[in-house]
Structure formats: structure tokens, C-alpha cells
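J.: Based on what follows, work out the 3D shape:
(chains A and B)
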Amino acid sequence: DAMVIQNPRYQVTQFGKPVTLSCSQTLNHNVMYWYQQKSSQAPKLLFHYYDKDFNNEADTPDNFQSRRPNTSFCFLDIRSPGLGDAAMYLCATGAPWSAKNIQYFGAGTRLSVL
Amino acid sequence: AQTVTQSQPEMSVQEAETVTLSCTYDTSESDYYLFWYKQPPSRQMILVIRQEAYKQQNATENRFSVNFQKAAKSFSLKISDSQLGDAAMYFCAYRSALLDFGNEKLTFGTGTRLTIIP
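T.: Purely as a prediction, here's the structure:
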């Protein structure tokens, strides 16, 4: 049973053409995270939400934006993708102040930029 | 700021043997959580095991156990009876126990790629 669902699994876009990645969850977790992961590297946190409260990492480029219209959904918008933005994008959810306090990850969206 | 170091980019082990992946971290906090996450090729990242820093007892989950040395800031993962399905990238991660939003995020190490030799 998928709990954190990312769509699409693979996305191809053109240089400079805006793209949106989506994430949904069935866990009803307060916190949702977006990570960028390049080949064989650790995931790099871009931003995260606690409900509607938004926390942007200091080194996240302005080219990356996010929206969370409700508890279940979160979107990552890349306004003008460059070649360096080709990566796996991971969504995760968590209830960090609960007893379990672990993050649950989606399968990721692999973004290619042509 | 906390840092997590995994000094072994790649490891390999014979099927059914035991392997230990190392992780060290740096923090000035006294209370925190440590995790090992597994990321198989083209599959999602899942939690392997979790340790609370205030607990002296090492966590175990079936074939997976940790050696948590708080004073040395070391958190190694031992996989016993290695299976082909254990082949994956393994990430060590740190999380503060502070309750405010922003401090609950994970700090990952650079990962260790584990290969299982049949």
C-alpha cells in the first residue's frame, strides 16, 4: 500500500520550460519534505512544511518553489529548469513529534532536462 | 550544525556473511535520534533501524543491529546473514530531539553502497 505517492516517476522537460512534480500522502502527517538527490549522493533538503508553515533551506535556489494546498498534497515547481537540475526528487512525510518520528519516502521522480 | 560522516563509499560482502557499515557524527546536543535508511536501486528509501541517544541499549531489528557509542559519536550498522535483497545504498542520518519546527529535519551522511556477492 503506497503511503507517499509521487507522480510522475519519470519527467522529461526542456531547458527553461517550467515543470511541476507532485506528491501525495495517505498518512495524514503534518510535515512534508522535498529533497533533491543527485547520482550516488545524499538527499539534499530543499524545503519542508509543517502544515502550512513553510521552511526554505538557505541554499535552495529561487528557481525552486513549493505549494501545499492541503495536508495530503505537496507540489514542487521548477520555474526554469537548467541542466544542473536533472536529478531524482524525493518527497517524504513525517510526524516528527510523535513516538515514531521517522520519515516516510516516496519512490521519487527522476527529472531529465534536455 | 551537525555533520554525519560515512567513510566507506562502497562495501561488499559474501551472501550469508556479516558486514558492518560505519557512521560517525558530530553534534553538541545531548539528545537526538540516529537512523539508518536503505535505498535499493530504483526503489524508495526505507527505514532500517532507529536509535534514541538517551537509550544505552543498542537497537536491533531482526538481522540488523547497531553499535551506538555515544561518547565516540559512532553509530555503525551490522547486517547479519546478508541476503541479496540487502544490496542497496545505506544512509546514516541524524535528527535533533529539539521540538521546534526546522530542527526536526534529517542530516544525512554521503551513503555506503553495499554489494552482496552470491
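J.: quick one: which helix or strand includes residue B:51?
T.: Residue B:51 belongs to strand B:46-52 when elements are defined using DSSP states H and E.
J.: Report the buried residues of that strand.
T.: Using 16 or more other C-beta atoms under 10 Å in any protein chain shown as the test for burial, strand B:46-52 gives B:47-51. Just so you know, the C-beta spots here come from the backbone N, C-alpha and C atoms, and that holds for glycine as well.
J.: give me the beta-bridge partners of residue A:44?
T.: According to DSSP bridges, the residues that bridge with residue A:44 are residue A:36.
J.: same question, residue B:106
T.: Residues in beta-bridge contact with residue B:106 (DSSP bridges): residue B:95.
J.: With residue B:114 instead?
T.: Counting by DSSP bridges, residue B:114 forms beta bridges with residue B:11, residue B:88.
J.: so who does it touch?
T.: Residue B:114 is in contact with B:10-13, B:19, B:21, B:79, B:86-90, counting by C-beta atoms under 8 Å, 6 or more residues apart in numbering or on different chains.
J.: Which of those residues sits closest to chain A?
T.: Nearest to chain A out of the contacts of residue B:114 is residue B:89 (C-beta to the nearest C-beta; 7.4 Å).
J.: Please list all residues in contact with the residue nearest in space to the middle of chain B.
T.: By C-alpha atoms, centre = their mean, the mean C-alpha position of chain B lies nearest to residue B:36, the distance being 2.9 Å. The neighbours of residue B:36, taking C-beta under 8 Å, 6+ apart as the test, are B:21, B:23, B:47-50, B:64, B:66, B:75, B:77, B:90-93.
J.: quick one: residue B:4 and residue B:27 touch, right?
T.: No. Judged on C-beta atoms under 8 Å, residue B:4 makes no contact with residue B:27 at a distance of 9.2 Å.
J.: Show me the shaky parts of chain B.
T.: Chain B contains no residues with pLDDT under 70.
J.: The lowest-mean-pLDDT helix or strand in chain A: how far from the chain's middle?
T.: Across the helices and strands of chain A, the lowest-confidence element by mean pLDDT, DSSP states H and E is strand A:53-56, at a mean of 87. In terms of C-alpha atoms, centre = their mean, to the nearest Å, the centre of strand A:53-56 is found 13 Å from the chain centre.
J.: before we move on, what about stretch A:52-66?
T.: 11 Å.
J.: And for stretch B:31-47?
T.: Distance of stretch B:31-47 from the chain centroid (C-alpha atoms, centre = their mean) equals 7 Å.
J.: Not counting sequence-adjacent ones, nearest residue to residue 23?
T.: Here I'm looking at chain A. Computed as C-beta to C-beta, 6 or more residues apart in numbering or on different chains, the closest residue to residue A:23 that is not its neighbour in sequence is residue A:91, at 3.4 Å.
J.: look at chain B instead
T.: Using C-beta to C-beta, 6+ apart, the nearest residue to residue B:23 is residue B:92, at 3.5 Å.
J.: now do residue B:6
T.: Distances taken as C-beta to C-beta, 6+ apart place residue B:109 nearest to residue B:6, at 3.8 Å, with adjacent residues excluded.
J.: again, but for residue B:54
T.: Spatial nearest neighbour of residue B:54, chain neighbours left out: residue B:31 (5.8 Å); criterion: C-beta to C-beta, 6+ apart.
J.: State the number of residues packed around that neighbour.
T.: When neighbours are counted by other C-beta atoms under 10 Å in any protein chain shown, residue B:31 registers 11.
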